[in-house]
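Chemist: quick one, structure for this:
(one chain, ligands or ions: 2)
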Amino acid sequence: MITIKDKQFDPFIHHEQIADRVAALADKLNADYKGRNPILIVILNGAFMFAADLVRCLNFDHEIQFTKYSSYDGMDTTGHVKELIGLSISIEDRDVIIVEDIIDTGTTMASLIPMLKSKGVKSVEIATLLMKPGKLKVPLDVKYCAMEIPNEFIVGYGLDYDGVGRNYKSIYVVKEG
Ligand code: IMP
Ligand code: MG
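Modeler: Residues are numbered from 1 along each chain as shown. Ligands and ions are numbered 1, 2, ... in the order given. I've put the predicted structure just below:
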């Protein structure tokens with residue numbers, strides 16, 4: 001068990017299991033993107049660790065860009081997305097893969113995808129480490145998802161609770177009560 005601020009968390013997904021699932025997801029991308037030189041758009045802050053492990057399993061040429069949106073405050077989604085860091089290169093006529101840590105309500109992706117499509121991308125797909133299908137509020141086509149989890153709040157492997165806990169190698173789930 002670990003303690004972060006006022007909450008306790010139990011072990012949930014061990015780092016060896018994460019590594020296996022990330023490698024399996026990378027294999028799917030390796031099969032689909034050979035020769036296409038896609039742009040990976042990594043959503044900061046949460047996806048930094050997933051992205052670092054994922055790209056080391058990719059065997060096709062690609063470019064990486066980082067963007068940042070804000071929709072979360074503590075443990076509650078506000079339903080609003082604000083662009084904090086934008087893209088610095090043209091994505092027109094390019095294959096784009098959005099690299100995200102976790103899809104919760106889907107609000108972030110639902111506002112990002114039309115924005116990318118309006119810039120004339122050739123294609124756009126989502127590659128997410130985690131997804132909470134039970135919390136999805138908007139229809140979303142997620143082609144690449146490493147793991148699905150129940151509606152519980154988690155930390156570690158890039159994910160934070162109130163800014164803290166991103167450094168853990170494994171993923172932990174909040175203890176009830
Ligand atoms: P959405 O826009 O509601 O899909 O929220 C997505 C973002 O919320 C993710 O990129 C995370 O940064 C954050 N988030 C969602 N669920 C969790 C969680 O269980 N722990 C930590 N952050 C989370
Ligand atoms: Mg995120």
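
Chemist: distance-wise, check the residue lying closest to residue 110 once chain neighbours are set aside relative to residue 118.
Modeler: Spatial nearest neighbour of residue 110, excluding adjacent residues (CB to CB, 6 or more residues apart in numbering): residue 138 at 4.3 Å. Every residue, glycine included, has its C-beta placed from N, CA and C. For residue 138, the distance to residue 118 equals 17 Å [CB to CB, to the nearest Å].

Chemist: list, one by one, the residues from the chain near ligand 2.
Modeler: Proximity of the chain to ligand 2, by CB under 5 Å from the ion, involves residues 46, 101.

Chemist: strands of the chain, residue ranges please.
Modeler: All strands of the chain, identified by DSSP state E, fall at 2-4, 7-13, 39-44, 63-73, 76-85, 95-103, 123-131, 144-148, 154-155, 171-174.

Chemist: can I get those in JSON lines with mean pLDDT?
Modeler: As requested, those are exported to JSON lines (pLDDT from 0 to 100):
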{"stretch": "strand 2-4", "mean pLDDT": "98"}
{"stretch": "strand 7-13", "mean pLDDT": "98"}
{"stretch": "strand 39-44", "mean pLDDT": "97"}
{"stretch": "strand 63-73", "mean pLDDT": "81"}
{"stretch": "strand 76-85", "mean pLDDT": "62"}
{"stretch": "strand 95-103", "mean pLDDT": "98"}
{"stretch": "strand 123-131", "mean pLDDT": "98"}
{"stretch": "strand 144-148", "mean pLDDT": "98"}
{"stretch": "strand 154-155", "mean pLDDT": "98"}
{"stretch": "strand 171-174", "mean pLDDT": "98"}
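
Chemist: CSV please, covering these and showing distance to residue 165 and mean neighbour count.
Modeler: As requested, the strands of the chain are arranged in CSV below (distance: least, CB to CB, whole Å; neighbours: other CB atoms under 10 Å):
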stretch, distance to residue 165, mean neighbour count
strand 2-4, 5, 14
strand 7-13, 8, 16
strand 39-44, 16, 22
strand 63-73, 13, 15
strand 76-85, 17, 12
strand 95-103, 12, 22
strand 123-131, 15, 22
strand 144-148, 18, 18
strand 154-155, 4, 22
strand 171-174, 8, 21
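
Chemist: done for today, thanks.
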